[in-house]
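> sequence first, predicted model second:
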Amino acid sequence: QVQLAESGGGSVQAGGSLRLTCTVSGRTSGTYVGWFRQAPGKEREGVACIKPRGNTGYSNSAEGRFTISQDKSKNTLYLQMNLLNVEDTAQYYCAAGGSSCLSSQNYPFWGQGTQVTVSS
């Protein structure tokens with residue numbers, strides 16, 4: 001069983017930055033880990049992932065602005081978000097145990113989420 005807990009969300013003005021943190025307990029080696037988000041009235045969408053071999057994948061909206069990383073010694077996953085805009089406002093979730101990069105239905109383990117609000 002894998003348990004995840006996000007932190008680091010908050011309110012920021014457009015153009016600003018935030019770093020989300022996800023602490024992970026349990027075994028995730030050999031699977032995908034990732035960040036997802038869900039805005040009110042919208043479906044959950046993939047933002048970024050780390051693949052089993054360590055390479056990364058990003059959504060079109062995240063590419064060039066967001067960076068996913070992990071510190072295996074601390075069992076922690078990060079999402080550095082720069083140049084935030086109002087369209088990035090959403091509840092952000094980390095997920096583990098995935099079998100593909102940005103497809104939420106392929107991840108069995110989820111955190112409770114952390115809210116990110118970007119104002120203009």
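Structure's in. What do you need?
> in this structure residue 44 contacts residue 37, no?
Yes: checked against Cβ atoms under 8 Å, the pair residue 44 and residue 37 is within contact range at 7.1 Å. Just so you know, the C-beta spots here come from the backbone N, C-alpha and C atoms, and that holds for glycine as well.
> shared neighbours of those two, which are they?
Residues within reach of residue 44 and of residue 37 at once, by Cβ atoms under 8 Å, 6 or more residues apart in numbering, are residue 93.
> who's more crowded, these two?
In this view residue 44 and residue 37 are compared by other Cβ atoms under 10 Å, and residue 37 has more residues nearby, 24 against 18.
> hmm, the more buried one is touching residue 90, no?
Yes: counting by Cβ under 8 Å, residue 90 is a contact partner of residue 37 at 3.8 Å.
> identify the contacts common to the two.
In contact with both residue 37 and residue 90: residue 116, using Cβ under 8 Å, 6+ apart.
> OK, contacts around the residue lying closest to residue 62 once chain neighbours are set aside?
Using Cβ to Cβ, 6 or more residues apart in numbering and skipping the chain neighbours, the partner closest in space to residue 62 is residue 47 (5.0 Å). Going by Cβ under 8 Å, 6+ apart, residue 47 touches 34-37, 58-59, 61-62, 66, 68, 79, 92, 102.
> also residue 112?
Shown in contact with residue 112 (Cβ under 8 Å, 6+ apart): 5-6, 93.
> mind checking which of those are buried?
Buried members of the contacts of residue 112, counted by 16 or more other Cβ atoms under 10 Å: 6, 93.
> so which of the contacts of residue 112 are in strands?
Here DSSP state E is the test, and the contacts of residue 112 give 5-6, 93 as lying in strands.
> stretch 62-71: end-to-end distance?
Its first and final residues considered, stretch 62-71 spans 21 Å by Cα to Cα, to the nearest Å.
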